[in-house]
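S.K.: just a sequence and a predicted model for now, questions to come.
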Amino acid sequence: MQVTIEHVEHLTLDISGKSATPSPLFQALMAGIAASVGQPDPDTGKPAANVQTSARPRFAALKIGERSEHGGGIYAGVSRGLDGEADGHLFLLDDKPDDKLDWKAAVAWAESLGNGARLPTRFESALLYANLQDQLDTEAWHWTGTQYSDSSAWGQYFNDGYQGNLTKSYEARARAVRRLVL
């Protein structure tokens, strides 16, 4: 495969997906861009492109607690990826169920919001406690999406940050999050 870049004035690439390994096409495209940057145009002798690079993440301007259209909620911070998953930006969504739910219903409710919405993991709930406690009901248990056993799952109490395993039939509050990969 060969990629030739003739002329670039402005280029924006938004690569989305689950794979942490770039595709061969993407690698070839980036190699072609890198090879052409600063190379003189054979006709004019001027650089083929005026390219400025930045390692700044797409969400670097976000501040914790600010509302964002990118994630559709309130920015909670960076959530570390586990088990080979990439780190990501965590957003607390505005949606709340009207009533308390058992764990299975809470999982289904969060997923019904679509676009990757789900219950926060146990560790993401700790991040919500640390950064967005003022956005959560501090007088009730909240479900996490992390199971403790076949019959129980982790819950988060946002008043004091305590986490414990709750029987899945217990009715607790639920909030959904969305995580956008860096």
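M.R.: All right, it came through fine.
S.K.: SS state for residue 105?
M.R.: At residue 105 the chain is in helix, as set by DSSP: H, G, I helix; E, B strand; the rest coil.
S.K.: state the distance from it to residue 176.
M.R.: Taking CB to CB, to the nearest Å as the measure, residue 105 falls 13 Å from residue 176. Every residue, glycine included, has its C-beta placed from N, CA and C.
S.K.: more neighbours: which of those two?
M.R.: Set residue 105 next to residue 176 and count neighbours by other CB atoms under 10 Å: residue 176 wins out with 25 against 16.
S.K.: wasn't residue 126 part of a helix?
M.R.: Yes - counting by three-state DSSP, residue 126 falls inside a helix.
S.K.: surely it is in contact with residue 156?
M.R.: Yes - if you go by CB atoms under 8 Å, residue 126 and residue 156 touch, sitting 7.4 Å apart.
S.K.: more neighbours: which of these two?
M.R.: Neighbours were counted for residue 126 and for residue 156 using other CB under 10 Å; residue 156 has more, 25 against 16.
S.K.: distance check, the more buried one against residue 114.
M.R.: Distance from residue 156 to residue 114, by CB to CB: 23 Å.
S.K.: not counting sequence-adjacent ones, nearest residue to residue 168?
M.R.: Once flanking residues are discounted, residue 168 sits nearest to residue 103: 4.0 Å by CB to CB, 6 or more residues apart in numbering.
S.K.: could you do residue 80 as well?
M.R.: Using CB to CB, 6+ apart and skipping residues adjacent in sequence, the residue nearest residue 80 is residue 87, 5.5 Å away.
S.K.: tell me how many other residues surround that neighbour.
M.R.: Per other CB under 10 Å, the neighbour tally for residue 87 reads 14.
S.K.: that one against residue 81, yeah?
M.R.: Yes - taking CB under 8 Å as the definition, residue 87 is a contact partner of residue 81 at 4.8 Å.
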